[in-house]
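> When you get a sec, could you give me coordinates for this:
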Amino acid sequence: MGLLDNMKAKLAPAKEKVGHLAHQHEGKIGHHLDKMAKAVDYKTKGKYHGRIETGTSKAKEALGKIAHKDAPGGPTPPTAP
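Modelled structure (predicted):
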């Protein structure tokens, strides 16, 4: 077994737990992502507003994929705020 295979085998339980926690707390995580984006936008005085919005939506997409990976029908698209 190679190094990469060993790493994958050892990280598999953690990956499952992260998916379960993401599914369980998806709403809270999304709320805090929005809150963080608003704080960063305020601190930068709106200079990077577009980039912050893009990054936040990509983070929410990734969260949705992780949280709903094992759900029947596959990942569900994130809902609009």
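> Tell me where the protein has helices.
3-24, 26-43, 49-67 (DSSP state H).
> Return the most buried member of those.
For the helices of the chain, average neighbour numbers computed from mean count of other Cβ atoms under 10 Å are highest in helix 49-67, which has a mean of 15. For the C-beta atoms, the positions are set from N, CA and C on the backbone; glycine is no exception.
> what helices or strands is it leaning on?
When contacts are defined as 3 or more Cβ pairs under 8 Å, 6 or more residues apart in numbering; DSSP states H and E, helix 49-67 packs onto helix 3-24, helix 26-43.
> lowest-confidence stretch among the ones you listed?
Among the helices and strands packed on helix 49-67, helix 3-24 carries the lowest mean pLDDT, at a mean of 87.
> one step back: take the helices and strands packed on helix 49-67 and write them to a markdown table, including distance to His68.
Shown next, in a markdown table, are the helices and strands packed on helix 49-67 (distance: least, Cβ to Cβ, whole Å):
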| stretch | distance to His68 |
| --- | --- |
| helix 3-24 | 7 |
| helix 26-43 | 8 |
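> Tell me, what's the model's pLDDT at the residue nearest the centre of the chain?
Within the chain, one residue has its C-alpha closest to the average C-alpha position: by Cα atoms, centre = their mean, that is Leu63, at 2.5 Å. The model reports Leu63 with a pLDDT of 91.
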